[in-house]
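Asker: With the sequence up front, the predicted model follows.
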Amino acid sequence: KLFDNGTTIMTNDNRLSRQDHCRYRFLVHMNGILQNSYSSALKWKFLCGSLVFLPDDPFFLEWWTVGARPFQHYIPYNSPAQLEDRVLEYQTKLDEAAKIAKAGYDLAVTAFNNVYTYAEDHLLHYARATEGKQNRCCKSRGRIREQVVTEFKTLQDLQKEYGPSVCV
């Protein structure tokens with residue numbers, strides 16, 4: 001058996017650092033605690049250059065994973081049994097595993113090298129989509145922002161002065 005059925009308890013004494021993870025050819029990604037929360041480790045696993053095994057239905061998707069394709073950038077799995085089978089399979093296909101791992105690494109590097117371009121593109125898209133649409137609560141946004149910065153007003157103070165739907 002490859003796995004211990006989840007009986008190992010992680011402590012600070014046996015936890016691996018990100019650098020230690022990168023020594024492994026295969027890395028398994030799981031959703032966060034109880035399989036329903038966010039795990040930020042996915043980007044680091046791809047950036048290790050290891051073959052990443054990713055749940056078929058990840059609970060959270062990240063902005064940079066939109067272009068990720070199963071069997072091209074990572075290996076999907078939908079159960080512990082299937083994960084075990086796929087790990088065993090790719091232990092016999094090391095050349096293919098290396099190609100997929102490299103594609104996953106390249107995807108992550110490209111995304112994070114272009115993070116500012118990505119943000120700018122989406123902010124410009126938002127600006128075009130909202131152009132000419134005045135938000136009623138934000139008519140005096142500049143004046144309010146100046147008060148926040150220069151007078152250190154709290155949100156509660158601003159709501160008393162401008163109403164409950166104040167925008168900063």
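Answerer: Done, it's in.
Asker: rest of the way, CA atoms for contacts and neighbours
Answerer: Will do.
Asker: what's around residue 43, how many residues?
Answerer: 18 (other Cα atoms under 10 Å).
Asker: That one touches residue 108, doesn't it?
Answerer: Yes. The criterion here is Cα atoms under 8 Å, and residue 43 meets it with residue 108 at 6.8 Å.
Asker: Mind giving me the packing neighbours of the longest strand along the chain?
Answerer: For the chain, the longest strand by residue count, based on DSSP state E, is strand 51-55. Judged by 3 or more Cα pairs under 8 Å, 6 or more residues apart in numbering; DSSP states H and E, strand 51-55 is in contact with strand 26-28, strand 75-77, helix 94-113.
Asker: which residues of this structure fall in helices?
Answerer: Taking DSSP state H as the test, the helices found in the chain are 18-21, 42-47, 80-91, 94-113, 115-130, 141-151, 155-162.
Asker: Please identify the buried residues of the shortest one?
Answerer: Within helix 18-21, the residues that qualify as buried by neighbour count (16 or more other Cα atoms under 10 Å) are residue 21.
Asker: show me the contacts for residue 74.
Answerer: Counting by Cα atoms under 8 Å, 6 or more residues apart in numbering, residue 74 touches 51, 52, 53, 54, 68, 100, 101, 104.
Asker: Dump the residues you listed into a markdown table; add distance to residue 130, neighbour count and pLDDT as well.
Answerer: Shown next, in a markdown table, are those (distance: Cα to Cα, whole Å; neighbours: other Cα atoms under 10 Å; pLDDT from 0 to 100):
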| residue | distance to residue 130 | neighbour count | pLDDT |
| --- | --- | --- | --- |
| 51 | 41 | 29 | 96 |
| 52 | 39 | 24 | 94 |
| 53 | 40 | 24 | 94 |
| 54 | 36 | 21 | 91 |
| 68 | 30 | 14 | 89 |
| 100 | 40 | 22 | 97 |
| 101 | 40 | 28 | 96 |
| 104 | 35 | 30 | 94 |
